[in-house]
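Peer 1: Predicted model, plus sequence, below.
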Amino acid sequence: APGRIFEVNAAPTPGGGAVAVLHDVTSVERAEKTRRDFIANVSHELRTPLTSISGYVETLLEGNEQVSPQAREFLAIILKNATRMNRLTEDLLALANVESGDYKLKLQSMRASAIVEDAIDSLTGMVLDSDVTLEAAETTDALVLADADSLNQVFGNLIENAMKYGKSGKRVLVGAKLLDRKHEDQQMVEFFVRDFGPGIPSEHLDRIFERFYRVDKARSRESGGTGLGLAIVKHIVMAHGGSIRAESELGAGVKFLFTLPCAPEKKLASVEPLPQA
Ligand code: ADP
């Protein structure tokens, strides 16, 4: 049937045959798309009024002497919350974008070791005003196929979390290794971000990638988190054809591991015969 989407469940039968069951999931897909579009539109519409609120509050805070100390205090609270809401709309928009089927990646061949170095370099600014050190661990020279901007977002979120929640561990390690086992014939590189903080209780480990899921709601809010970071990260990794998981031992920190497919090996360019003059 044209335009309809089916999910196929196939199973062998005792007689040596097979049975396939088709589920029409067209309406589910449509509802999903409507939900995503709605969220993207709402986030987009909220941007302009939020920018206006922040702008006017900032102007009041910067200039006017007639603002009483109490009004100043309230204005600062308004600004803080407008900023928070702005971050939330940005993250909602980013999530709606990566969740949609037409999320476009600009894939290029990149060296895993260079990705790790870049991630550390670009986030060192954040480390400067913290007492956590960001260190490179083992890496590999293998080439992966990835979108540079999306990868920045992935490492940005994971390293920011590690520094935020794992602060007490003082160190954050970033590394990569080539996996020996081939995943459906595709060689993969596994990247990791590891901290030595309090860790995540095992019953939460599978759920932290869900949108708005937080282990400690109050703490996450207070630290300015939106609860969407890991959901965005997961979708970006999946769009690359990789997967992500977290390992944690309570009191010994968390290690986030995600895979990316290797770039196909370059074949030696065949030498074209010279055209006959
Ligand atoms: P948030 O904006 O709340 O940080 P995330 O999606 O980035 O949202 O993370 C979801 C939750 O996972 C966090 O609220 C926190 O409870 C937990 N978490 C993420 N990274 C770490 C970490 N490195 N150590 C401990 N807990 C973490």
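Peer 2: Alright, I've got the coordinates.
Peer 1: Could I get the full set of strands for this protein?
Peer 2: Per DSSP state E, the chain carries strands over the ranges 6-12, 18-24, 108-111, 133-136, 143-146, 171-178, 188-195, 244-248, 254-261.
Peer 1: Which strands or helices does the third one pack on?
Peer 2: If contacts are counted by 3 or more Cβ pairs under 8 Å, 6 or more residues apart in numbering; DSSP states H and E, strand 108-111 sits against strand 143-146, helix 148-165. Just so you know, the C-beta spots here come from the backbone N, C-alpha and C atoms, and that holds for glycine as well.
Peer 1: try 6 Å this time
Peer 2: Judged by 3 or more Cβ pairs under 6 Å, 6 or more residues apart in numbering; DSSP states H and E, strand 108-111 is in contact with strand 143-146.
Peer 1: The fifth one now?
Peer 2: Strand 143-146 makes packing contacts with strand 108-111, strand 254-261 when contacts are defined by 3+ Cβ pairs under 6 Å, 6+ apart.
Peer 1: taking those together, which one is wrapped up most tightly?
Peer 2: Mean neighbours per residue, mean count of other Cβ atoms under 10 Å, is largest over those for strand 254-261, with a mean of 22.
Peer 1: At the contact with the ligand, which residues of the protein appear?
Peer 2: 157, 161-162, 165-166, 195, 197, 200, 208, 214-216, 220, 225-231, 254 (Cβ under 6 Å from any ligand atom).
Peer 1: any idea how far A252 lies from Y213?
Peer 2: A252 is 22 Å from Y213, where distance means Cβ to Cβ, to the nearest Å.
Peer 1: now swap in L75 and tell me
Peer 2: L75 is 33 Å from Y213, by Cβ to Cβ.
Peer 1: And for K104?
Peer 2: 27 Å.
Peer 1: T139 now?
Peer 2: 31 Å.
Peer 1: Looking at the two, which is more packed in?
Peer 2: The residue with more neighbours, out of T139 and Y213, is T139; 20 against 16, by other Cβ atoms under 10 Å.
Peer 1: Quick check: bridge partners of the closest residue in space to I200 that isn't next to it in sequence?
Peer 2: Excluding the flanking residues, the one nearest I200 by Cβ to Cβ, 6 or more residues apart in numbering is S248, at 4.5 Å. On the basis of DSSP bridges, S248 is bridged to V254.
Peer 1: Show me what counts as buried in stretch 42-54.
Peer 2: For stretch 42-54, burial by neighbour count (16 or more other Cβ atoms under 10 Å) applies to S43, L46, L50, I53, S54.
Peer 1: any chance of the residues you listed in CSV, with pLDDT too?
Peer 2: Shown next, in CSV, are the buried residues of stretch 42-54 (pLDDT from 0 to 100):
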residue, pLDDT
S43, 92
L46, 94
L50, 95
I53, 96
S54, 96
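Peer 1: Closest to the ligand out of those?
Peer 2: S43 (15.9 Å; Cβ to the nearest ligand atom).
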